[in-house]
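1. Generate a structure from the sequence data that follows.
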Amino acid sequence: MKLSRSTYLLAAVWLAPVYAAPGPALFNDAQQVLSNPFLGRTRQGLQDTASQYLSAAKNTVLKSKKNMEKWYHEGREYIKQDSLLYELVTHSSFKGQTLRVTEPDLCDASVKQYSGYFDVADDKHLFFWFFEARNSPKDAPLVLWLNGGPGCSSSTGLLFELGPCSIADEGRNVTHNPYSWNTHANIIFLDQPINVGFSYADGDKTVNSSPIAGKDVYAFLELFLNRYPEYSTQPFHIAAESYGGTYAPNFANIIYKSNKELAARTDPKLKHINLASVILANGLTDPLVQYGSVADYACDGPYPVFSDPDGPQCQALRSKIPTCQRLIKSCYQFNSRFSCVPAVLYCNSQIMGPLVQTGLNPYDVRRKCDRSPDKDGQLCYKQMGWIETWLNDPKVKAAIGVSQDRQFASCNMDVNQAFTMNGDGMHNSALLLPELINDGVRLLVYAGNADLMCNYLGNERWVEALETRFSAEFKQSKDLPWTPVRSGVVSGAVRTAGGNGYSAGNITFVNVHEAG
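-> Residues are numbered from 1 along each chain as shown. Next up is the predicted model:
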């Protein structure tokens, strides 16, 4: 069956990040090539470009070294690669896997930073960027942040949402973000799977499922925490948005089971990862429930997409949901590519397609979206193009340990298609959470009520349907006003279970008002 590019685009739009959508460059490959300042440059020329942005001290060290040469200094191993200097981190339990680390001072020079690559193998490399907490980093929790997509970089979260700096001036600059999560948390932004953002693979290697991606993430965390044990004793949280609602439960489940295995065999070489919570923002986690909520949101929600809830558009939308849910049930039952891909294609084209084509911004339906390349771009946020401009600056790449011949794109359509054509997003990731929750791992789901793609109604419903030891309490819970301390203004509604009425508890859902 040959699928049209429009079918892929519908899947990409539904599975793309909530709020932080891919930039226009994703859909203008020819323009990217024409505007690429490195086109035609030799590899040696690009490496020479990197050297002019490194410090005099680094250039002095590298001058006498050959490419890929390794050496030891003060108990640490180093490597020269692509005219860049990295500390090389290895672990005896992960043969052939290494960290290559540099220490940038961009974005928020007031905090300690590490960036570089986790080499999953000789031909698979994941880019990461870590920022220490601004306040009491020794006591602050550790957060792993994942953007959705699939195929979209976590640099979106870093530079457009919750990171220590915000993209500005059409990509020529960044500004300080006073609301960054790293004010009170140590945070890792990880581009995964391979071929997303600055992550890359040699040849035609690819990843097309969340469980496979999760194994790479676990290995990365072990190497990182063994090299930087000062962050290994604090609570660890996985936080993700949009398709991250599928990623995060898979990754958390792998970490949880690895911790159990580690406890049984007490391997002193590995770190117990103190998994404390899973945090999901407008995520796609239980498609059966969530696709079933789309017409309710689009026709009767706080920001109706269609003016008449009983009109022909709403009737047509509601009529297609039973077929969509039947296909999703088949995916849940047989758990195979052959049963899940039809669900992806039908539900995205028949249910989400008409909504995407209304001209509204599906990540914030209070706004219109002009998809022209010189306006909002194909996925409604021109800032995605700004992010690409800034991260492709040679000075930035040299500082964060990225080769000059590697080009950053906010999203990778090939990765998106690989996940789509494997049916990955139609699996019920919510099923991976009850065991963790019953054993003390907490769950926070929050959703902006102006987001259409993974709307708050569907998110609240799947949380309520989750079978855990807190189920009865959560089902009986009522909406309470959610009032941020700083503003003192009611900004949403919260439901919770397990906190005895005094805390956020073990399962919490927050409906954030007037938010995408």
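
2. Is the nearest residue in space to residue 350 that is not next to it in sequence part of a helix or strand, or is it coil?
-> Residue nearest to residue 350 in three dimensions, not counting chain neighbours: residue 320, with 4.7 Å by Cβ to Cβ, 6 or more residues apart in numbering. In short, each C-beta sits where N, CA and C put it, glycine included. With DSSP: H, G, I helix; E, B strand; the rest coil as the basis, the three-state label of residue 320 is helix.

3. Quick check: neighbours of the host helix or strand of residue 78 in the sheet, parallel or antiparallel?
-> Using DSSP states H and E, residue 78 maps to strand 76-81. In the sheet containing strand 76-81, its partner strands are strand 70-73 (antiparallel), strand 84-90 (antiparallel), by DSSP bridges.

4. Distance from the last one to the middle of the chain?
-> Think strand 84-90. Put simply, strand 84-90 sits 25 Å off its chain's centre (Cα atoms, centre = their mean, to the nearest Å).

5. What of the first one?
-> Using Cα atoms, centre = their mean, the mean C-alpha position of strand 70-73 is found 34 Å from that of the whole chain.

6. CA atoms of that strand as PDB?
-> Output of strand 70-73 as PDB, limited to C-alpha atoms (Å, rounded to 0.1, in the frame of the first residue of the first chain):
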ATOM      1  CA  LYS A  70      42.700   9.100  23.100                       C
ATOM      2  CA  TRP A  71      44.800  10.000  26.200                       C
ATOM      3  CA  TYR A  72      44.600  10.200  30.000                       C
ATOM      4  CA  HIS A  73      45.000  13.300  32.100                       C
END
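
7. pLDDT on that strand, on average?
-> Averaged over strand 70-73, pLDDT sits at 94.

8. Check the burial of the residue nearest to residue 350 by counting its neighbours.
-> 19 (other Cβ atoms under 10 Å).

9. With residue 309 as the reference, measure out to it.
-> Distance of residue 320 to residue 309, given as Cβ to Cβ, to the nearest Å: 16 Å.

10. Which helix or strand contains the residue lying closest to residue 289 once chain neighbours are set aside?
-> Nearest residue to residue 289, sequence neighbours excluded (Cβ to Cβ, 6+ apart): residue 462, at 4.3 Å. Residue 462 belongs to helix 456-465 when assigned by DSSP H and E.

11. and if you look at residue 59?
-> Judged by DSSP H and E, residue 59 forms part of helix 56-63.

12. how much does that helix deviate in direction from strand 76-81?
-> 80 degrees (axes from the mean of the first three to the mean of the last three Cα atoms, to 10 degrees).

13. residues in contact with helix 56-63?
-> 51, 54, 78, 80, 83, 84, 85 (Cβ atoms under 8 Å, 6 or more residues apart in numbering).

14. ok, the first one - contacts?
-> Which is residue 51. 59, 62, 83 are the contacts of residue 51 under Cβ under 8 Å, 6+ apart.

15. how does it look with 7 Å?
-> Applying Cβ atoms under 7 Å, 6 or more residues apart in numbering, we find residue 51 in contact with 59, 83.

16. Repeat that for the third one.
-> Residues near residue 78 by Cβ under 7 Å, 6+ apart: 70, 71, 85, 86, 87, 88.

17. give me the low-pLDDT residue ranges for the protein?
-> Counting by pLDDT under 70, the ranges of the chain that qualify are 1-48, 501.

18. if you set the cut-off to 50 instead, what comes out?
-> Residue ranges of the chain with pLDDT under 50: 1-40.

19. middle-most residue in it, spatially?
-> The centre of the chain sits closest to residue 147, judged by Cα atoms, centre = their mean, with a distance of 1.7 Å.

20. circling back to that earlier point, would you list the buried entries among the contacts of helix 56-63?
-> Buried residues within the contacts of helix 56-63, counting neighbours by 16 or more other Cβ atoms under 10 Å: 54, 78, 80, 83, 84, 85.

21. isn't there a strand covering the first one?
-> No - when the secondary structure is assigned by three-state DSSP, residue 54 falls in coil instead of a strand.

22. show me the contacts for it.
-> Per Cβ under 7 Å, 6+ apart, neighbours of residue 54: residue 398.

23. Please report the distance of the residue of the chain most remote from its centre from residue 404.
-> Distance from the C-alpha centroid of the chain peaks at residue 64, with 39.3 Å (Cα atoms, centre = their mean). From residue 64 across to residue 404, the span is 21 Å (Cβ to Cβ).

24. which parts of stretch 437-446 are buried?
-> 437, 441, 442, 443, 444, 445, 446.

25. Burial check on residue 284, number of neighbours?
-> By other Cβ under 10 Å, neighbour count at residue 284 equals 27.

26. and it, what does it touch?
-> The contact partners of residue 284, by Cβ under 7 Å, 6+ apart, come to 15, 242, 243, 245, 246, 290, 425, 454.

27. run the last query once more with 8 Å
-> Taking Cβ under 8 Å, 6+ apart, one finds 14, 15, 148, 242, 243, 245, 246, 290, 425, 454 in contact with residue 284.

28. Tell me the spacing between the residue lying closest to the third one once chain neighbours are set aside and residue 113.
-> This points to residue 148. Setting aside the residues directly before and after it, residue 148 is nearest to residue 242 in space (Cβ to Cβ, 6+ apart), at 2.9 Å. Distance, residue 242 to residue 113, using Cβ to Cβ: 26 Å.

29. Can you give me the neighbour number for the closest residue in space to residue 364 that isn't next to it in sequence?
-> Nearest residue to residue 364 in three dimensions, chain neighbours excluded: residue 516, at 3.1 Å (Cβ to Cβ, 6+ apart). Residue 516: 22 surrounding residues under other Cβ under 10 Å.

30. likewise residue 339?
-> Neighbours of residue 339 (other Cβ under 10 Å): 18.

31. which phi and psi does residue 445 have?
-> phi -120, psi 120 (degrees, to the nearest 10).

32. All further residue positions should be reported with the first residue as 17.
-> All right, first residue 17 from here; so that's residue 461.
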